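Novice: Show me how the following folds:
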Amino acid sequence: MIPAFLTSCCELISRLEKSVGSEGSCELDVWPEFQNFTGDVISRTAFGSSYKQGMRIFQLQTEQARLIIKSIKSIVIPCYRFLPIRVNKRRNEIDKEVSALLRGMIMEREREMKMGNVSNDDLLGLLMESNFKDFQEQESSNATAMTIEEVIEECKLFYFAGQETTAILLTWTMVVLSMHPNWQVQARKEVLQVFGKTNPDFDGLSRLKIVTMILYEVLRLYPPVVFTARCVDKATKLGDIILPPGAQVSLPTLLIHHDPEIWGEDVDEFKPERFSGGVSKASKNQIVFFPFSWGPRICIGQNFAMIEAKVALAVILQHFSFELSPSYAHAPCNVITLQPQHGAQIILHRL
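Specialist: Residues are numbered from 1 along each chain as shown. Predicted coordinates for the structure are as follows:
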């Protein structure tokens, strides 16, 4: 899927180059840029030939996410108290349109698969192929195929989880590297040593040690999802505690990632060298870094997100240097994901 990543990167760089213009530098909020970029990536990799329909889904779910934020505001801010009825009506309209678009794409893909006229080189194709095999086998085994409604929900989740979280990771990475120009210089030097001015490839990405350390440290300091919630389905013993069925358990990622007893007194400092020996040696306890959750329900898109972020960061470092704008106000805010409350204003300089 790296070619699809690179296509989206080229469009991102073109937009940034246009903003920079003949002056060679400009100020812009990189957060919306990364939201558009990651939405574009998801549309290409998830839906392939149905890319335009995929982008429509991205636009609708972006609007839906904003409506959810308004709903949250309506609970705590008096001036928003008349919003819920209008917001809920629009959210229902969006949900119906997204489901209709996905159902049409899925049914069309099913017809193509039955006729043998489809290559499963995108995520929807891989999901449909796996489900089609389960459907064929379920009569002779215990395999259980997903219904169309379940496939639709999987597609919605992949969009929401994959688009927003990677955009947040790239945004905080740009902010942090603007705050620590020495690490920006080191990362650019590594990228140019590995790729020069050519497009990143899969083998080269695995050699980006400094870039990987930087991304891990950003994920530690600013995990896109600040906590993970789980429901216990059977009586479970945890140390001296017995958790009954139905108990809700919250794993506070942000709190644990900032615990000085685990990471040391410099826990709030940006120090990518923590990860020079890998994740297992970065702290006193190896199972305390989990920006993608952990265990059997770890995020299935972890590798996808990390490769996407490496490609995007490498291409940006090849083309631009950057610094914080005087108008930037550092205010991480948890609204579903850990977002920059006032945006991420960066000054770009063409190299």
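
Novice: In a strand, E27, correct?
Specialist: Yes - counting by DSSP: H, G, I helix; E, B strand; the rest coil, E27 falls inside a strand.

Novice: distance between stretch 147-162 and the chain's centre?
Specialist: Its chain's average C-alpha position is 15 Å from that of stretch 147-162, according to C-alpha atoms, centre = their mean, to the nearest Å.

Novice: typed the wrong thing, it's stretch 15-25
Specialist: 26 Å.

Novice: cool, and stretch 248-256?
Specialist: 19 Å.

Novice: Pull out the buried positions in it.
Specialist: Neighbour counts over stretch 248-256 (16 or more other C-beta atoms under 10 Å) mark 253-254, 256 as buried. For every residue, glycine as well, the C-beta is placed using N, CA and C.

Novice: same deal with stretch 258-278?
Specialist: Along stretch 258-278, the positions that meet the burial threshold by neighbour count (16+ other C-beta under 10 Å) are 263, 267, 270-272, 274-275.

Novice: How about stretch 330-341?
Specialist: Neighbour-count burial for stretch 330-341 flags 336-340 (criterion: 16+ other C-beta under 10 Å).

Novice: re the thing from before, out of the buried residues of stretch 258-278, flag the one nearest to P244.
Specialist: For P244, the nearest member of the buried residues of stretch 258-278 is W263. The distance, counting by C-beta to C-beta, is 32.5 Å.

Novice: I'd guessed that closest one sits against S283; true?
Specialist: Yes - using C-beta atoms under 8 Å as the test, W263 is close enough to S283 to be in contact (5.3 Å).

Novice: which neighbours do those two share?
Specialist: The contact sets of W263 and S283 overlap at R274 (C-beta atoms under 8 Å, 6 or more residues apart in numbering).

Novice: Which of the buried residues of stretch 330-341 fall within strands?
Specialist: Counting by DSSP state E, the members of the buried residues of stretch 330-341 that fall within strands are 337-340.

Novice: Need the max-distance pair from these.
Specialist: Going by C-beta to C-beta, the pair spanning those furthest: T337 and P340, at 10.6 Å.

Novice: Distance check, S14 against F270.
Specialist: 30 Å (C-beta to C-beta, to the nearest Å).

Novice: Surely F289 forms part of a helix?
Specialist: No - remark: F289 does not belong to a helix; assigned using three-state DSSP, it is coil.

Novice: list the contacts for it?
Specialist: For F289, the contacting residues are 216, 219-220, 257, 279, 282-283, taking C-beta under 8 Å, 6+ apart as the criterion.

Novice: Which of the helices or strands spans the nearest residue to L317 once chain neighbours are set aside?
Specialist: Leaving aside its sequence neighbours, L317 sits nearest to R188 (C-beta to C-beta, 6 or more residues apart in numbering; 4.3 Å). Counting by DSSP states H and E, the element that carries R188 is helix 181-195.

Novice: which residues are contacting that helix?
Specialist: Applying C-beta under 8 Å, 6+ apart, the external contacts of helix 181-195 come out as 176-178, 200-201, 204, 207-211, 214, 270, 272, 313-314, 317-318, 321-323.

Novice: let's go with 6 Å and repeat that
Specialist: Outside of helix 181-195, the residues that reach it under the criterion C-beta atoms under 6 Å, 6 or more residues apart in numbering are 177, 204, 207, 210-211, 214, 314, 317.

Novice: How about stretch 328-336?
Specialist: Here stretch 328-336 makes contact (C-beta under 6 Å, 6+ apart) with 69, 226, 338-339, 341-342, 345.

Novice: average model confidence for that stretch?
Specialist: For stretch 328-336, the per-residue pLDDT values average out at 91.

Novice: same question, stretch 39-55
Specialist: 82.

Novice: Give me the buried positions along it.
Specialist: Judged by neighbour count using 16+ other C-beta under 10 Å, the buried positions of stretch 39-55 are 39-51, 53-55.

Novice: now it, how far from the centre of its chain.
Specialist: Taking C-alpha atoms, centre = their mean, one finds the center of stretch 39-55 at 15 Å from the center of the full chain.

Novice: Looking at the buried residues of stretch 39-55, which are in strands?
Specialist: Secondary structure assignment by DSSP E places none of the buried residues of stretch 39-55 in strands.

Novice: now, the most widely separated pair of those residues?
Specialist: Farthest-apart pair in these is G39 and S49; separation 17.4 Å (C-beta to C-beta).

Novice: No further queries at this time; thank you.
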